[in-house]
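S.K.: This is the structure alone, sequence omitted:
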């Protein structure tokens with residue numbers, strides 16, 4: 001269910017759970033700690049690590065943008081298998097594999 005919200009006890013905005021798309025948008029904003037209430041520090045540690053590391057930051061934000069676009073497409077058009085090779089990983093030399101390997 002694309003509109004399924006997180007449990008408000010673990011991840012919330014103004015006391016309410018958030019959808020996966022809302023979570024991606026909040027993290028993309030660059031200041032999730034000011035918008036999102038969470039239990040524990042794991043999400044903040046991960047986002048801080050990516051958002052403060054400039055080479056990884058741009059890649060992280062591009063991936064979040066693709067996730068956000070995909071979730072929006074599913075909201076508007078219903079689910080269908082993804083066709084973008086960078087999402088499916090089916091094309092040789094796809095972007096996600098190339099970006100992952102270039103840092104190795």
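M.R.: That came in fine, so what should we check first? Being a predicted model, the structure only gives us computed values, none of them experimental. Numbering: from 1, shown residues only.
S.K.: all contacts plus neighbour counts: C-alpha atoms, from now on.
M.R.: Fine.
S.K.: which residue packs closest to residue 11, ignoring adjacent ones?
M.R.: If the residues on either side of it in the chain are set aside, residue 11 comes closest to residue 38, at 4.5 Å by Cα to Cα, 6 or more residues apart in numbering.
S.K.: can you tell me how far the one you found sits from residue 8?
M.R.: Applying Cα to Cα, to the nearest Å, the value for residue 38 to residue 8 is 9 Å.
S.K.: Please apply the same query to residue 72.
M.R.: Using Cα to Cα, residue 72 is found at 22 Å from residue 8.
S.K.: Check residue 84 too.
M.R.: In this view, residue 84 and residue 8 are 33 Å apart by Cα to Cα.
S.K.: Which one of the two is surrounded by more residues?
M.R.: Comparing residue 84 with residue 8 by neighbour count (other Cα atoms under 10 Å), the higher total belongs to residue 8, at 16 against 13.
S.K.: ok, that one touching residue 36?
M.R.: No. If you go by Cα atoms under 8 Å, residue 8 and residue 36 don't touch, sitting 10.7 Å apart.
S.K.: Flag the shaky bits of the protein, pLDDT-wise.
M.R.: 87-104 (pLDDT under 70).
S.K.: mind listing the helices for it?
M.R.: 20-28, 32-35, 42-51, 54-77, 85-88, 95-102 (DSSP state H).
S.K.: Give me the buried positions along the longest one.
M.R.: By neighbour count on 16 or more other Cα atoms under 10 Å, the buried set for helix 54-77 is 57, 59, 60, 61, 63, 64, 65, 67, 68, 70, 71, 74.
S.K.: any idea how far the second one lies from residue 2?
M.R.: Counting by Cα to Cα, the gap between residue 59 and residue 2 amounts to 24 Å.
S.K.: Contact partners for the closest residue to residue 15 other than its chain neighbours?
M.R.: Leaving aside its chain neighbours, residue 15 sits nearest to residue 8 (6.4 Å; criterion: Cα to Cα, 6+ apart). By Cα atoms under 8 Å, 6 or more residues apart in numbering, residue 8 lies in contact with 15, 16, 17, 18.
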